[in-house]
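J.: output the structure for:
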Amino acid sequence: MALLLALLPLLPCSTGREPANASRISCFVIGAVAPTRNPFTALFAEDPQFTYRAYPLVRVNTNMEKQKLDRRYYPRTGGELMDNYDIMVFCEAQIEHFTPRKLHDLDFAFREAGMVGAASPGCSWDSAWVPTILYDLMPVSQYYDYVRSNPYRVIFRREMESVFTPFVELGMEKVSGNNYHYMTPRPGSVTWADMQPNDNPWLVSWRLGGTEAGIMWVFTGTFDAPWWGLVFGSGGENPYAIDMLTNLIFYSFGMPMVEDIHSRREARRVLSNFQAQKLLVLSMMEWADKFGANIFPLNEDLTALEREASSAMNYYLEQDYAGVITFMDSISSAIMDLSSEAVRLKDGAMAWAYLVEYFVVTSASLIAGSVLWSLMVRRRAYHAVGSTRLGIIYEGG
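T.: Residues are numbered from 1 along each chain as shown. Below you'll find the model as predicted:
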């Protein structure tokens, strides 16, 4: 029995719950939500596997201002929160104004509805987590002493499941970070990685108690930007950070984790390129439409191509990355043809606009020149003026 209890933290702790939307994972991000501060937002914005809603709740001074933001961004009821979102990410979220009803909804969502949570509390730990029932959701009992500019590296524990260890051979343990908090894991929690040389926990999780409990993850350092590659010029130092988070989320829902990281990245790249080319075509079509070009045939072709491309998205969601790459390569010439046609329509519409403008300017110039010639050179509108009476008397002496 003692041996079984000792091994419990090492057992799979996936929730068993499938995402609310079977094909895509819906996420709610609250607190610091900019991609330059939150790696989850960077992931959700780049990867079509995820949809998300962002609630910027940092540096808000009064509860009245926060309540106004709640009405704009936050789900109105606990049912709406649980029905529409599968995972909730907190980054320095100043939620100390939440009502007991909202706090209870969150507690229920994580314990009984299978919602997954990820947090890097930062300075909100003492004000938003410790005094509320949310404190009991956290796999750490202490989160304190923010340390700045003290380099560290993350070392993943090899005895754990292979959620993060595939990234070791990709050089993730060589990435250097600078800022962190000290954390004290609770009994029964799982520490997945430590910082070296200070030997403090970097990532801790546990599966909450409840009938259909989710996993709660806690990161140190308020998502330390240098380590995550969120600051300008550092992204190349940790290019696989968002892929690591993808594995974390897949593991949390009991989904198959990414086996071929490079293929997924390439599949994501070709899908992103298609979206960029589609936006270019749409912008050209909008430009041409303003000048009266007939864009309806091109619009129909683009709609048909989008329907074809949806098959590639299905391959991506099924983790058939080779299928995505092959399929997108097969339609790449079609989107290029549409781009060329959109440019041709735009150029044609602009040519007519320039031609009309040329004729208008030329006509105005000819008319103005004719009038000027008649009035100032030939003086057709001028008549000789006779001498006045005074002038006649003067001349007669």
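
J.: residue 184 belongs to a strand?
T.: Yes - the assignment for residue 184 is a strand, going by DSSP: H, G, I helix; E, B strand; the rest coil.

J.: and it, how many neighbours?
T.: Other residues within reach of residue 184 by the criterion other C-beta atoms under 10 Å amount to 13. (Glycine included, C-beta is placed from N, CA and C.)

J.: for it, name its beta-bridge partners.
T.: Bridge pairing for residue 184 (DSSP bridges) gives the partners residue 142.

J.: ok, which stretches of this protein are strands?
T.: Read by DSSP state E, the chain holds these strands, from start to end of the chain: 25-31, 50-56, 87-91, 116-120, 140-147, 152-156, 176-177, 180-185, 190-196, 200-207, 215-219.

J.: so which residue is dead centre in this protein?
T.: residue 45 (2.5 Å; C-alpha atoms, centre = their mean).

J.: quick one: it from residue 89, how far?
T.: From residue 45 over to residue 89 the distance is 13 Å, taken as C-beta to C-beta, to the nearest Å.

J.: so which bits of stretch 157-172 are buried?
T.: For stretch 157-172, the neighbour count (16 or more other C-beta atoms under 10 Å) marks 163-167, 172 as buried.

J.: which of the residues you listed sit farthest apart?
T.: Of all pairs drawn from those, the greatest distance, 12.3 Å, lies between 163 and 172 (C-beta to C-beta).

J.: where does pLDDT dip in the stretch 151-300 of the chain?
T.: Under the criterion pLDDT under 70, the flagged ranges of the stretch 151-300 of the chain are 231-236.

J.: do that again at 90, thanks
T.: 209-212, 221-222, 225-226, 229-239, 259, 272-300 (pLDDT under 90).

J.: pLDDT wise, what is the spatially closest residue to residue 305 that is not a sequence neighbour at?
T.: Counting by C-beta to C-beta, 6 or more residues apart in numbering, residue 334 is the residue found nearest to residue 305 once chain neighbours are left out, at 5.6 Å. For residue 334, the pLDDT comes out at 84.

J.: residue 377 now?
T.: Confidence at residue 377, expressed as pLDDT, is 64.

J.: number of nearby residues for the spatially closest residue to residue 215 that is not a sequence neighbour?
T.: Once its chain neighbours are removed from consideration, residue 215 has its nearest residue in residue 252; the separation is 4.7 Å (C-beta to C-beta, 6+ apart). Residue crowding around residue 252 was assessed by other C-beta under 10 Å; the count is 28.

J.: if I look at residue 252, how far off is residue 368?
T.: For residue 252, the distance to residue 368 under the criterion C-beta to C-beta works out to 75 Å.
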